[in-house]
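A.B. asks: turn this into a model:
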Amino acid sequence: MYDSEEDGDRRNRDKFSRERESRRDDDRSESDNGDAKNDDYSGPMLTFKKFLMTQDDDISDSAALAAYNEYKQEYKRRELQRFFDAHKTEEWFRHKYHPDESATVRDAHMAEIKKRLEIFNELKAKGCFDDVTLDLQHAREIIRLMDTLVVKLEGGSEEDVEALKNEKIEDDSLFDLGEKKSDEDNGADKDEARGSESEANEDGQQKRKKTLLHKTSSVFMRNVPATVKIADLEAICSRSPGFLRVALSEPHADRNFSRRAWATYKRDVNIKEICWTLNQTKLNDSTDLSVILNRDLTRRIRGISGVTCHQQVAQNDIKQAAKLVALMDKKIGLFCEDEPKEERDKDIFTGVDLVATSKNPLLKQVRPVLRECDEPSAEEEEMLGISRGAATTTTTPADEKVPFVRDETLLHALDLLIFYLRMVHSIDFYGHIEYPNEDAMPNRCGMLHVRGVLPTQFGTAEDGTKLVSTKFNADFISGFNQRLDTSLMQVSYVTPDEMEKMGKKDGDKEVEAFIQANTVELSQDKWLCPLSGKKFKGPDFIRKHLTSKHEEKLKEVREEAIFYNNYLADPARPQNVEVKPAPAPARDDDRRDDRYARDRGDRGDRGSDRGYAGADRGRRGYAGFGSGGPSRDRGPRFTPESARPLTSYRDLDAFPID
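C.D. replies: Purely as a prediction, here's the structure:
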C-alpha cells in the first residue's frame with residue numbers, strides 16, 4: 001500500500017523514459033510518424049534528414065534516396081491537386097485553364113488581335129510608316145502614330161484622326177531632342193492648339209470629345225482578392241459617369257494571389273471625385289478597394305543605345321524580330337487559322353523554321369532583306385570589319401574600331417517588324433516587354449523603346465566619320481539576344497512523362513471512378529445511388545441510370561479532367577510559394593553554456609557599474625575618439641541591455657571543466 005496516489009505514481013514512473021526510443025517517437029510531429037506513404041503530406045516538405053527518421057534503421061542509402069524521390073514526387077502531386085481544388089472556382093483560374101471558358105477568352109483575344117492587324121494594314125497601305133523611323137528624333141511622329149491606333153481602336157472616325165495632327169503633344173521624351181528644338185515645336189504646337197481650340201468652340205462640345213478618344217483618366221487598385229470577378233468590379237466602377245473598362249492583372253503568388261486593377265474613365269470626368277467615391281464603397285460589402293489616382297505616362301518614347309543603328313547590330317535585330325513575329329503569330333494562330341493548336345505547338349517545340357513557313361505578308365516582304373543579312377559578301381565583311389559569328393568568337397581585336405554604317409533600307413524593314421510587334425501583339429521589341437491584356441488597360445498603346453543617340457566614346461575618323469568598337473558591338477548583340485530570349489522567345493513545355501508524374505488524369509477513368517463512387521451495395525440485390533438517392537437491384541442499373549439521367553454530371557467529370565490537365569500542361573502554372581521548414585533551434589551542451597554564461601557574466605559585471613553613461617563612453621572608445629589605454633576586450637559594444645548580469649543556468653552536478 002502506498003501512502004498516497006502520488007507515491008504510487010512516483011514508484012511506477014519509468015526512470016529511463018528519456019533515453020527510450022518510444023520517448024523520441026512521441027516528440028516527433030504527427031507528420032513524421034509512420035511511413036511517408038501514409039502521411040497526409042500536409043505542411044512543408046520534409047527534408048531528407050527528417051524523412052530518414054520515418055524509415056527503418058537498416059534502410060540502405062540507395063533505397064532511402066529512391067524512397068525520398070518518390071515522397072517528393074507524391075508531395076508535389078498532392079500539392080498541385082490542393083492548389084487546383086482551392087482555385088478551380090475562381091474566375092481568373094477558369095479563364096486560363098477551363099476548356100470552355102478559356103476558349104471563349106482566346107476567341108475574344110483573337111478578335112482584338114485581328115482588329116489591331118486590320119488597323120496596322122490600313123496605316124501601312126496609307127504610307128504612314130514610310131517617313132517615320134524608330135529613332136528618338138522622330139518621337140513626335142511615333143506618338144502620333146500610336147495615338148492614331150488608339151483612336152481607331154476606340155471607334156474613331158477619320159475626322160478624329162485628322163484632329164490628332166493639330167493636337168499639342170506633351171511628353172518628356174521631346175525634351176531629349178534639345179531645348180531649342182523643343183521650344184520651337186512647343187510654340188508651333190501652341191499655335192496649333194489655339195487653332196484647334198477655336199474650332200472646338202465653333203463646332204461645339206462634341207468636337208472636343210472626339211479629340212480626346214485616345215486620352216483617358218484612370219484609378220488604380222493595388223490589392224484585389226483573387227475571388228473577385230470582373231463583373232463585380234465593373235458593377236461598382238460603372239456607377240460613376242464616364243466609365244469605360246476594367247483591367248485585372250494576373251494574381252501574385254507572393255502576395256496571397258491578390259491582383260491589381262485599373263478602372264478607366266473618359267478624359268473629361270472628375271477623376272478625383274470618382275476616386276473618393278470608390279474609396280467610400282466596399283466590394284461585396286466587406287472589401288476596401290484602396291483606390292488611388294493612376295498617373296498619366298510622362299515619357300512614352302524611351303531611347304536605348306544608338307549603336308542599334310549600326311548595320312551589324314541592325315542585321316542581328318531584324319533576324320531576331322522576324323523570329324519573334326513568326327513565333328507570336330504561331331502561338332496565337334494568326335495566318336494559320338486552319339492549323340489546330342496541337343500542330344502549332346508541335347511546330348514551335350520541334351524547332352521548325354517558322355520564318356520560312358510563315359504566311360504573314362509582312363515577313364514575305366522583308367525576306368529579301370533577311371537573305372542579305374544571312375549571306376553578306378566577303379568584301380563587305382572586310383570593309384566593315386565584320387566576322388561571321390562575331391557575337392560568339394573572340395578573334396576580333398578588342399580595340400579595333402570600324403566606321404559607323406547606317407543602312408536605311410535595312411532599318412526601314414526592321415521598323416516595320418517592330419511597329420507590327422507593338423501595334424498587333426503589344427510587344428516592345430527594344431524594351432523586351434510584353435504588355436498583356438493591353439486593350440483593357442488605360443493606355444492601349446502606351447510606351448515604346450526606340451533607337452537613341454550613337455555613343456561618342458569611340459571617336460571619329462580623319463574624314464569625320466563616327467567610329468564604333470567591334471567588341472562593343474559583339475557584346476551588345478550577345479546581351480540583347482540573351483535578354484530577348486529570356487523574356488520573350490524562350491519556349492518551354494511539359495513533356496508527357498512529366499504530365500504523368502504530376503498526376504495527369506484520364507477522362508474515361510475519372511468517369512468510371514465517379515460511377516463506382518455512386519454505386520453502393522446495401523444488401524443482396526439492393527444497391528443505392530447516392531447522387532439521386534434511388535435504389536436499384538444491381539450495379540448495372542445504376543450505371544444505366546447515371547449515363548441516361550445524369551449525363552451532365554458525367555460531362556462535368558470529363559471537363560474537370562481536361563481542366564486539370566490544362567493546368568498541368570502550363571510550364572508557368574501558378575502554385576503556392578514553397579514554405580521552407582523553420583530551422584531547428586540550436587541546443588548547446590551544458591559545458592558550452594557554462595563557458596558562455598561565465599564570459600557574458602564577467603562582461604556584464606564590468607558594464608553594470610557604469611550604467612548608461614558607461615555604455616556611451618564604451619561606444620566612443622570603440623570608435624577611437626578619446627579612448628583610454630588599450631583594452632583587452634575590443635569586441636562587442638556595451639549597450640543598456642548588456643549592462644545587466646545575465647542569469648546563469650549552470651548545472652551544479654556537472655563535472656568541472658579544466
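A.B. asks: could you use CA atoms for every contact and neighbour count after this?
C.D. replies: Noted.
A.B. asks: how many other residues sit next to residue 133?
C.D. replies: By other CA atoms under 10 Å, the residues close to residue 133 number 21.
A.B. asks: is it true that it touches residue 415?
C.D. replies: Yes - contact criterion CA atoms under 8 Å: residue 133 and residue 415 qualify, at 6.6 Å.
A.B. asks: so where is the stretch 201-350 of the chain shaky, pLDDT-wise?
C.D. replies: 201-211 (pLDDT under 70).
A.B. asks: helices of that one, start to end?
C.D. replies: 205-210, 230-237, 271-279, 311-332, 341-349 (DSSP state H, counting those that start in this stretch).
A.B. asks: give me the residues contacting the third one.
C.D. replies: Applying CA atoms under 8 Å, 6 or more residues apart in numbering, the external contacts of helix 271-279 come out as 217-219, 236-237, 240, 265, 288-293.
A.B. asks: make a markdown table out of the helices of the stretch 201-350 of the chain and add mean neighbour count.
C.D. replies: Below are these laid out as a markdown table (neighbours: other CA atoms under 10 Å):
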| stretch | mean neighbour count |
| --- | --- |
| helix 205-210 | 14 |
| helix 230-237 | 15 |
| helix 271-279 | 17 |
| helix 311-332 | 20 |
| helix 341-349 | 14 |
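A.B. asks: the helix or strand that contains residue 368: how far from the chain's middle?
C.D. replies: Per DSSP states H and E: residue 368 is located in helix 361-374. Averaging C-alpha positions (CA atoms, centre = their mean, to the nearest Å) puts helix 361-374 33 Å from its chain's average.
A.B. asks: for that helix, list the C-alpha coordinates in PDB.
C.D. replies: The C-alpha trace of helix 361-374 is given here as PDB (Å, rounded to 0.1, in the frame of the first residue of the first chain):
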ATOM      1  CA  PRO A 361       2.700  39.100 -95.800                       C
ATOM      2  CA  LEU A 362       5.000  41.300 -93.800                       C
ATOM      3  CA  LEU A 363       7.500  38.600 -93.400                       C
ATOM      4  CA  LYS A 364       7.300  37.800 -97.100                       C
ATOM      5  CA  GLN A 365       8.000  41.500 -97.800                       C
ATOM      6  CA  VAL A 366      11.200  41.600 -95.700                       C
ATOM      7  CA  ARG A 367      12.600  38.200 -96.700                       C
ATOM      8  CA  PRO A 368      14.900  39.700 -99.400                       C
ATOM      9  CA  VAL A 369      16.500  41.800 -96.700                       C
ATOM     10  CA  LEU A 370      16.800  38.800 -94.400                       C
ATOM     11  CA  ARG A 371      18.600  36.800 -97.100                       C
ATOM     12  CA  GLU A 372      21.100  39.600 -97.500                       C
ATOM     13  CA  CYS A 373      21.700  39.600 -93.700                       C
ATOM     14  CA  ASP A 374      22.300  35.800 -93.700                       C
END
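A.B. asks: now that helix: mean pLDDT?
C.D. replies: Mean pLDDT, helix 361-374: 91.
A.B. asks: got the angle between it and helix 311-332?
C.D. replies: Going by axes from the mean of the first three to the mean of the last three CA atoms, to 10 degrees, helix 361-374 is angled at 140 degrees with respect to helix 311-332.
A.B. asks: surely residue 336 meets residue 327?
C.D. replies: No - applying CA under 8 Å, one finds residue 336 not in contact with residue 327, separated by 11.8 Å.
A.B. asks: the helix holding residue 368: which residues count as buried?
C.D. replies: Going by neighbour count (16 or more other CA atoms under 10 Å), the buried part of helix 361-374 is 362, 363, 366, 367, 369, 370, 373.
A.B. asks: and the contacts of that helix?
C.D. replies: 315, 316, 318, 319, 322, 355, 410, 413, 417.
A.B. asks: report the two of those separated the most.
C.D. replies: For the contacts of helix 361-374, the farthest-apart pair by CA to CA is 355 and 410; their separation is 17.2 Å.
A.B. asks: name all residues that make contact with residue 539.
C.D. replies: Residues counted as contacts of residue 539 (CA under 8 Å, 6+ apart) are 519, 527.
A.B. asks: per-domain residue ranges of this structure.
C.D. replies: Under the assignment automatic domain parsing, the domains of the chain span 5-87, 131-214, 215-293, 300-489, 496-568, 588-658.
A.B. asks: among those, which comes closest to residue 99?
C.D. replies: Residue 99 sits nearest to domain 496-568 of all the domains of the chain, at 6.1 Å, using CA to CA.
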